[in-house]
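[1] got a structure for you, letters missing:
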């Protein structure tokens, strides 16, 4: 029964009962962490074969005979590019491989715009006003990059089909100081939704006032399905090519959640013209990325089929965790009308909206009971959730038994915070 | 006998003879490369043990129990910091580890100054004039970084004791737009000299007009000795601490020429205050460097003694190559007074000064005979050697037999170019 329809007296009884339950949890001195989208140790074990690949001397040469241990090949191994190409749908020759972090390449793309500009425009450092569109809730580390470079960040509400495209189209058409937008188009962080075909087509046909506008297309979860009915993301590169807008597009991907978060391979993929710009930047910056790690990945993954097989192993570990969270949220909060959440077909997160003004309180209650969640507000630019309602759950890291305890605490905290709020109203 | 003291007729005979020798080399269709300071395959084989280290599950934890495969530890493994600390003489807690390239970290330090400034000063992007001091001959990739960010580069002559410190002190004291200086203090690239104690002390007591002046101390060859009488570099960090100038100092090192050029570990080391600035930058940029590769290196190298043992293996391969070059230069050019060169106790290069106006011609002659050298001029900012006389030899990559052929061609080309010049005078 919905909390809002209870009397104050009924609510008081419930709050007392919840407080007692909560205190019992507190006494257990738990130490659980659901803060970051970290794969579990069991998932990392799936890719240990990566380490077995580089054994004999002849294997240090890639298919062209280059010794991958030495300097050179600034843009990475062609064989690894092919694997990414099949993952994200852009030709291998338009892919540049980096080291272990796609975030780092995103930072470099923004930094390159800041110091040198894009598409013949003045460097962003020399422009007066800089703004960036941030679909919310979204990924805190994206927002941190544009905040670092002094962009004013503008919230764009997310719906089931992606960012509010009416608003995006209107803003980019009228404001030349808007230089880009952050996107996690598949299994979005944290809402778990995948952009609809229409959303992708509208992105590809954007006509921004700023000639140096960039769509930061972070396809972090492109092969990270968790159900038998995975989402399908339309190929934005093809759509952009059809519209002649491919210079707007910067696509990012990595094996962080395929092999190892700390030691995978990351890439950027973009138009021919952008590759020329980025080449100058990357070739000034380094003599080349870690190609031994790329070769390790090539020898272990082989091709896109190897990637898909490996992802089945990840699914086998992750799916029960997501199902547990869904079941507990439904059982404990299903009819109380104090929280809403998504049921993603993949990715790493569940996005929970609690009652307005309650997210910080829930996170605090959990923390005091030994359950660390992502900070309330983290899914918004400047850490400022105007409704104080969104909480990102990251179920991947804890083992199932710990996850169950953490979710018990989480659901209790949501109920307690809601009862407190209604009582004080 | 010195070419300059010969008659034109004697020179003509010599030139004819040299042309005939040169043409004979050309007919061999050689394909040799002495352009870059790349370790040879035999050197890379020395570190293959790096790949054998990560085997059992328990080894993925470092000494603090962190799973190095996962996200986290933005500044790298403490164990690897300790190894660098013992190599470059700065406390481990003031070291930040990056990925595989120290050049990349140097780029990031300059980029950070450009976008955010240092020591509370305006970002370099917002300052009107930017200049950087470049000891010459020096390292082309250093110069490329400051050129990319629009610095005007000022040549500082190198002597046997390091950069001309009278000039450095004068310029930095009077010109606030001078923001830093590139240094390779030990076995300098390419002159092979090591800065004298006095030079290091004068660096540590610089009083630049610019509060955001940085000494880019690229200690790339800190353990790369090639003789029984290695050079000793005074510890600049201690000297800076004694002078209270440690915020000027950015020290860089890597295992590029210890383990693998393409897959080593790199670091920056600096003052406490600078670490705070850089931390904000690096933590925005990435969730952490490749710690598996760091752990691989820790398990293989163990400590500074492991590093020194490994470097003995490098010396065993490199020393004969350097000796061959020295012997051939002396035998073929020793009494002709048309070239001068250094005899370094370590590092990767021999710097040869041919007659003024002849370097480009020598490199071209070599190229046409199938021997690729570093471009003439590359050791100067903007590729502009005002005397057209400096050529950097990189003897490390070719096997000894090939090196001997390449040096034959090189010496012939130097003599031919000199004879041509004297004849046309």
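    Happy to help now that I have it. Treat the numbers as computed from the prediction; the structure is a model and nothing was measured.
[2] okay, CA-based contacts and neighbour counts for the rest of this
    OK.
[3] mind listing the helices for the stretch 201-350 of chain A?
    Assigned by DSSP state H, counting those that start in this stretch, the helices in the stretch 201-350 of chain A fall at A:236-243, A:272-285, A:291-301, A:304-333.
[4] run through who's touching the shortest one.
    Helix A:236-243 has contacts (C-alpha atoms under 8 Å, 6 or more residues apart in numbering or on different chains) with A:89, A:90, A:200, A:201, A:204, A:205, A:246, A:249.
[5] do the second one as well
    Outside of helix A:272-285, the residues that reach it under the criterion C-alpha under 8 Å, 6+ apart are A:74, A:94-96, A:109, A:112, A:118, A:247, B:103-104, B:107, B:141, B:144-145, B:148.
[6] gap between residue A:113 and residue A:271?
    Per C-alpha to C-alpha, to the nearest Å, residue A:113 is found 15 Å from residue A:271.
[7] ok, back up a step: so which of the helices of the stretch 201-350 of chain A is the most packed in?
    Sort the helices of the stretch 201-350 of chain A by mean neighbour count, taking mean count of other C-alpha atoms under 10 Å in any protein chain shown, and helix A:291-301 sits at the top with a mean of 24.
[8] quick one: average confidence on that one?
    Mean pLDDT, computed over helix A:291-301, is 92.
[9] ok, the residue lying closest to residue A:422 once chain neighbours are set aside - how many residues close by?
    Of all residues not flanking residue A:422 in the chain, residue A:4 sits nearest, at 7.2 Å (C-alpha to C-alpha, 6 or more residues apart in numbering or on different chains). A total of 15 residues lie near residue A:4 under the criterion other C-alpha atoms under 10 Å in any protein chain shown.
[10] my read: residue A:4 touches residue A:421, true?
    No. Counting by C-alpha atoms under 8 Å, residue A:4 sits too far from residue A:421 to count as a contact (10.3 Å).
[11] just to revisit the earlier point, and the contacts of helix A:236-243, which of them are in strands?
    With strands defined by DSSP state E, the entries of the contacts of helix A:236-243 inside them are residue A:249.
[12] quick check, nearest of the contacts of helix A:236-243 to chain B?
    Using C-alpha to the nearest C-alpha, residue A:249 comes nearest to chain B of those, at 20.2 Å.
[13] so what pLDDT did that closest one get?
    So residue A:249 comes in at 98 (pLDDT).
[14] kindly report the same for residue A:53.
    The model reports residue A:53 with a pLDDT of 72.
[15] state the distance from the residue nearest to residue A:422 to residue A:355.
    Relative to residue A:355, residue A:4 is positioned 11 Å away (C-alpha to C-alpha).
[16] swap in residue A:288?
    In terms of C-alpha to C-alpha, residue A:288 sits 49 Å off from residue A:355.
[17] out of the two, which sits in the busier spot?
    Between residue A:288 and residue A:355, residue A:288 has the larger neighbour count (other C-alpha under 10 Å), namely 24 against 21.
[18] which residue packs closest to the more buried one, ignoring adjacent ones?
    If the residues on either side of it in the chain are set aside, residue A:288 comes closest to residue A:74, at 3.9 Å by C-alpha to C-alpha, 6+ apart.
[19] and the one you found, what element?
    Under DSSP states H and E, no helix or strand contains residue A:74.
[20] got a list of what it touches?
    Contacts of residue A:74 by C-alpha under 8 Å, 6+ apart are A:282, A:283, A:286, A:287, A:288, A:289.
[21] which phi and psi does it have?
    Main-chain torsions, residue A:74, degrees, to the nearest 10: phi -60, psi -30.
[22] just checking, which helix or strand of chain A averages the lowest pLDDT?
    Least confident helix or strand, chain A: helix A:41-45 with a mean of 86, by mean pLDDT, DSSP states H and E.
[23] and that helix, what other elements does it pack with?
    Contacts defined by 3 or more C-alpha pairs under 8 Å, 6 or more residues apart in numbering or on different chains; DSSP states H and E place helix A:41-45 against helix A:304-333.
[24] show me what the helix it packs on is packed up against.
    Helices and strands touching helix A:304-333, by 3+ C-alpha pairs under 8 Å, 6+ apart, are helix A:41-45, helix A:78-88, helix A:400-424.
[25] closest one of the contacts of helix A:272-285 to residue A:211?
    residue A:118 (8.1 Å; C-alpha to C-alpha).
[26] so that closest one, which state does it fall into?
    Three-state assignment for residue A:118 (DSSP: H, G, I helix; E, B strand; the rest coil): coil.
[27] contacting residues around it?
    Residues near residue A:118 by C-alpha under 8 Å, 6+ apart: A:112, A:212, A:277.
[28] and if you look at residue A:206?
    Contacts of residue A:206 were listed using C-alpha under 8 Å, 6+ apart, and they are A:169, A:172, A:245.
[29] now rank the residues you listed by neighbours and give me the top one.
    Taking other C-alpha under 10 Å as the neighbour criterion, residue A:172 ranks highest of these with 22 neighbours.
[30] for it, give me its contacts.
    Applying C-alpha under 8 Å, 6+ apart, we find residue A:172 in contact with A:178, A:206, A:207, A:208, A:209, A:210.
[31] so which of those residues wins on neighbours?
    Most neighbours among the contacts of residue A:172, by other C-alpha under 10 Å: residue A:178, with 26 neighbours.
[32] so what's it closest to, chain neighbours aside?
    Counting by C-alpha to C-alpha, 6+ apart, residue A:178 lies nearest to residue A:131, which is 4.5 Å off, once chain neighbours are set aside.
[33] quick check: the one you found vs residue B:116, distance?
    Look at residue A:131 and residue B:116: by C-alpha to C-alpha, they are 18 Å apart.
[34] one more: residue A:417?
    As judged by C-alpha to C-alpha, residue A:417 and residue B:116 stand 41 Å apart.
[35] again, but for residue A:350
    Per C-alpha to C-alpha, residue A:350 is found 36 Å from residue B:116.
[36] so those two - more neighbours on which side?
    Neighbours per residue, other C-alpha under 10 Å: of residue A:350 and residue B:116, the larger number sits with residue A:350, 25 against 21.
[37] how many other residues sit next to the closest residue to that one other than its chain neighbours?
    Among residues not flanking residue A:350 along the chain, residue A:393 sits closest, at 5.0 Å (C-alpha to C-alpha, 6+ apart). Residue A:393 is flanked by 23 other residues according to other C-alpha under 10 Å.
[38] list the contacts for residue A:393?
    Contacts of residue A:393 (C-alpha under 8 Å, 6+ apart): A:34, A:35, A:349, A:350, A:351, A:352, A:373, A:374.
[39] so which of these is the closest to residue B:337?
    residue A:35 (70.5 Å).
[40] just to revisit the earlier point, pretty sure the residue nearest to residue A:178 is touching residue A:149, no?
    No. Residue A:131 is not in contact with residue A:149 according to C-alpha under 8 Å; the separation is 10.2 Å.
[41] can you give me the separation between the residue nearest to residue A:178 and chain B?
    The gap separating residue A:131 from chain B is 16 Å, by C-alpha to the nearest C-alpha, to the nearest Å.
[42] contacts only, for the residue in the stretch 301-425 of chain A that chain B sits nearest to.
    In the stretch 301-425 of chain A, the residue that lies nearest chain B is residue A:397 (10.3 Å; C-alpha to the nearest C-alpha). With contact taken as C-alpha under 8 Å, 6+ apart, residue A:397 is in contact with A:33, A:34, A:37, A:38, A:39, A:40, A:41.
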